[in-house]
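> Can you look at this prediction? I've put the sequence above it.
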Amino acid sequence: MKLVDFKEDEKFNQLREKIGNSGYGDFELFDPKRHLSWQERKGLIEGWSNISTVMLHAYSDHTLAYKNSHVFSQTDEHIHFSLCDKLKKRISQGRLPNIEITLNESLIKKKVVCEYCLHAVSYQGFDAYRRRHEEYNKHIIKQFSFEHYLLGKYPNR
């Protein structure tokens, strides 16, 4: 079986020129700076890992990420699942150089969720900055379950 060399295909090259693309691109199978290795993933599944907060980022839905994976983080008082205002402030002020992260959902089930994370992802209209919603917010925090949140967000888990 002979594979087609698309660099030699006239129709492909015409199309490429038509859309204004002068290059062929490239593909990188694994980049350890951007992708979790199996050892890192295994460590995060088994427990907590301490990383530099510089390595954290957020996906477009504001959920917390480390490399190419959604993660949960832990500070003294809360579990975080987004790059919320509270985390951003502590990181930018240099008060949080490192943080504990995990992929293990069982480690976070009985922990208190950060209200600013709920605000960041707009969870059920939660607004951490409007005090007139205080009763509603207390109810949401009391009823919040990571399990239900994740099932609603990622139903095919």
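That came through, no problem.
> For E100, give the beta-bridge partners.
Per DSSP bridges, the residues bridged to E100 are N50, Q74.
> I figured it hits S49, correct?
Yes: E100 lies in contact with S49 (C-beta atoms under 8 Å); the separation is 7.1 Å. Quick note: C-beta positions are derived from backbone N, CA and C, even for glycine.
> ok, I19 - how many residues close by?
By the measure other C-beta atoms under 10 Å, the count of residues near I19 is 6.
> One more: K67?
19.
> What of the one 10 residues further on?
Applying other C-beta under 10 Å, we find 9 other residues in the vicinity of E77.
> Isn't it up against V112?
Yes: applying C-beta under 8 Å, one finds E77 in contact with V112, separated by 6.9 Å.
> buried sites along stretch 100-120?
100-103, 107-108, 113-120 (16 or more other C-beta atoms under 10 Å).
> Dump those to JSON lines, plus distance to F81 and secondary structure.
Output for the buried residues of stretch 100-120, formatted as JSON lines (distance: C-beta to C-beta, whole Å; DSSP: H, G, I helix; E, B strand; the rest coil):
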{"residue": "E100", "distance to F81": "13", "secondary structure": "strand"}
{"residue": "I101", "distance to F81": "11", "secondary structure": "strand"}
{"residue": "T102", "distance to F81": "11", "secondary structure": "strand"}
{"residue": "L103", "distance to F81": "11", "secondary structure": "coil"}
{"residue": "L107", "distance to F81": "13", "secondary structure": "helix"}
{"residue": "I108", "distance to F81": "8", "secondary structure": "coil"}
{"residue": "V113", "distance to F81": "7", "secondary structure": "strand"}
{"residue": "C114", "distance to F81": "8", "secondary structure": "coil"}
{"residue": "E115", "distance to F81": "12", "secondary structure": "helix"}
{"residue": "Y116", "distance to F81": "11", "secondary structure": "helix"}
{"residue": "C117", "distance to F81": "5", "secondary structure": "helix"}
{"residue": "L118", "distance to F81": "9", "secondary structure": "helix"}
{"residue": "H119", "distance to F81": "12", "secondary structure": "helix"}
{"residue": "A120", "distance to F81": "9", "secondary structure": "helix"}
